[in-house]
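Chemist: Need the 3D shape of this:
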Amino acid sequence: MQRLFDIAPTIDIGTAAATFARDGRVQIRDFLTDPCAHAIRRILASETPWGTAWQAGAGGPSSMRREELRAMSPEQRTTLAVAVNTAAAGQDYAFRFAHYPMIHAYLQAWQPSGPHDALVEHLNDTPFLDTARAITGIASIIKADAQATFFSAGDFLAVHNDSHENEGRRVAYVLNLCDEDWRPDWGGYLNFLDADGDIIAGWRPRFNALNLFRVPQAHHVTYVPPFARATRFAITGWLRDR
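Modeler: Here you go, the predicted structure:
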């Protein structure tokens with residue numbers, strides 16, 4: 001049986017740790033073995049019941065499962081899109097993207113013993129957590145949460161810093177599993193900003209690249225235009241100390 005989550009033996013933990021210590025962020029390319037990365041991408045592309053997540057201003061984040069999304073009328077979908085776009089055009093926080101809440105699904109047994117549950121267990125197993133501790137230098141990390149995300153035409157994630165001190169978030173992670181030839185003009189970049197709103201680092205979505213960055217840190221995911229290929233898959237979450 002093919003293994004699902006093997007970290008590539010070629011990654012340079014020392015160099016990654018030095019970069020993280022200097023910048024508070026690091027991108028590690030070819031993080032998983034190639035067969036594992038392609039297997040997870042197939043799961044995201046073909047076996048994930050995508051719902052949607054969004055926020056349109058002060059109401060807070062919302063989400064719905066695939067069944068609820070499919071039950072929406074065209075008018076309801078339009079109303080939701082207009083609310084998100086209106087919030088983004090003003091001073092309110094907003095985002096929209098397809099998602100599958102892997103931790104919640106695991107705890108609620110949506111797909112017991114399915115591949116998403118296996119991924120949650122791998123992310124909370126010794127090999128991944130020990131690697132994350134070694135790279136970040138944060139020995140207190142004890143667990144990882146996770147959601148699968150899928151950004152396609154019209155999706156974006158506005159500027160935020162992930163700061164929720166009472167939730168124990170120490171490091172955010174993004175395991176990109178997108179198209180292997182993602183073009184820069186397709187958007188979907190993970191950008192980091194300084195206090196003046198200038199971009200100080202920007203990472204193109206790359207297949208099998210693990211992004212780690214210290215929390216809090218201002219960042220966003222840029223708008224994906226209508227002509228982009230719909231393949232920006234990722235597993236994202238936070239590494240927590242409680």
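
Chemist: wait, what's in contact with the nearest residue to R214 once chain neighbours are set aside?
Modeler: Counting by Cβ to Cβ, 6 or more residues apart in numbering, the nearest residue to R214 once its immediate chain neighbours are dropped is G24, at 4.1 Å. C-betas here are computed from N, CA, C, even on glycine. G24 is in contact with 213-214, 217, counting by Cβ atoms under 8 Å, 6 or more residues apart in numbering.

Chemist: all helices of this structure, in order?
Modeler: 13-23, 34-46, 66-71, 74-89, 102-108, 115-123, 126-136 (DSSP state H).

Chemist: Quick check: most distant residue from the centroid of the protein.
Modeler: What lies farthest from the middle of the chain is E75; by Cα atoms, centre = their mean that is 29.0 Å.

Chemist: how far away is it from V82?
Modeler: From E75 over to V82 the distance is 11 Å, taken as Cβ to Cβ, to the nearest Å.

Chemist: likewise A153?
Modeler: The gap separating A153 from V82 is 16 Å, by Cβ to Cβ.

Chemist: out of these two, which sits in the busier spot?
Modeler: A153 (14 against 11; other Cβ atoms under 10 Å).

Chemist: Which pLDDT does the model give the residue nearest to the more buried one when sequence neighbours are not counted?
Modeler: Counting by Cβ to Cβ, 6+ apart, A153 lies nearest to P226, which is 4.5 Å off, once chain neighbours are set aside. For P226, the model assigns a pLDDT of 96.

Chemist: Go ahead and confirm P226 touches D185.
Modeler: No: assessed by Cβ atoms under 8 Å, P226 is found out of contact with D185, at 11.9 Å.

Chemist: can you pull the buried residues of stretch 71-85?
Modeler: 80, 83-84 (16 or more other Cβ atoms under 10 Å).

Chemist: which of those residues lies closest to D117?
Modeler: For the buried residues of stretch 71-85, the residue nearest D117 by Cβ to Cβ is L80; the value is 29.2 Å.

Chemist: Would you mind naming the residues that bridge with the residue nearest to the closest one when sequence neighbours are not counted?
Modeler: Take L80 and drop its neighbours on the chain: the residue closest to it by Cβ to Cβ, 6+ apart is W54, 6.7 Å away. On the basis of DSSP bridges, W54 takes part in beta bridges with S62, R96.

Chemist: ok, W54 - contacts?
Modeler: With Cβ under 8 Å, 6+ apart, W54 has these contacts: 61-63, 80, 84, 94-97.

Chemist: Quick check, R232 in contact with F151.
Modeler: Yes: with contact defined as Cβ under 8 Å, R232 and F151 form a contacting pair (4.3 Å).

Chemist: What's the ChimeraX syntax to select whichever of the contacts of W54 are buried?
Modeler: Burial among the contacts of W54 is assessed by 16+ other Cβ under 10 Å; the matching ChimeraX selection reads:
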select :63,80,84,94,95,96,97
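
Chemist: Mind putting the contacts of W54 into a markdown table with distance to R240 and pLDDT?
Modeler: Compiled in a markdown table, these are given as follows (distance: Cβ to Cβ, whole Å; pLDDT from 0 to 100):
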| residue | distance to R240 | pLDDT |
| --- | --- | --- |
| P61 | 18 | 94 |
| S62 | 23 | 97 |
| S63 | 20 | 97 |
| L80 | 30 | 96 |
| V84 | 28 | 97 |
| A94 | 25 | 97 |
| F95 | 21 | 98 |
| R96 | 25 | 98 |
| F97 | 22 | 98 |
